[in-house]
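Enquirer: sequence-free structure coming up:
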């Protein structure tokens, strides 16, 4: 298995912002457009590739950023595909992993 790593603090911002671009800087919408969605679509049909998103190194996350990032990706590409192709890591805030899982599961329940 080949892993593509995204370190949000290095590859995007140490200060992730709101849900939408119109609400402020470093939004989840911007992260999806500029980084995550491009990498995700590149590996979508490749069985031997996954993305690891490392949450550490930032000043923290709002729930709206995380929900739009992971829930938004699941709404667009399907919760099962997101769960299959994305892994999330955090030593600094491990409780966020369950929150993110619930955002993806919520999308699955709604579909």
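Expert: That came through fine. Please read these numbers as outputs of a predicted model, since none were measured by experiment. Numbers count the residues shown, from 1 in each chain.
Enquirer: in this protein, which spans are helices?
Expert: Across the chain, reading from the start of the chain, the helices by DSSP state H fall at 8-11, 28-31, 37-43, 63-66, 72-77, 79-85, 95-110.
Enquirer: How far does the second one sit from its chain's centre?
Expert: Read it as helix 28-31. When distances are taken as CA atoms, centre = their mean, to the nearest Å, helix 28-31 is centred 9 Å away from the chain's centroid.
Enquirer: Repeat that for stretch 19-27.
Expert: Centroid separation between stretch 19-27 and its chain, computed with CA atoms, centre = their mean, is 15 Å.
Enquirer: Quick one: mean pLDDT for that stretch?
Expert: The pLDDT scores in stretch 19-27 average 98.
Enquirer: Give me the buried stretch members for that stretch, please.
Expert: Within stretch 19-27, the residues that count as buried by 16 or more other CB atoms under 10 Å are 19, 26-27. C-beta coordinates here come from the backbone N, C-alpha and C atoms, glycine included.
Enquirer: Endpoints of it, how far apart?
Expert: The first and final residues of stretch 19-27 sit 5 Å from each other (CA to CA, to the nearest Å).
Enquirer: contacts for that stretch?
Expert: Residues from elsewhere that reach stretch 19-27, judged by CB atoms under 8 Å, 6 or more residues apart in numbering: 12-13, 15-18, 28-30, 62, 64-65, 67-68.
Enquirer: just the buried members of those?
Expert: Buried by 16+ other CB under 10 Å: 12-13, 16-18, 28-30, 64-65, 67-68, out of these.
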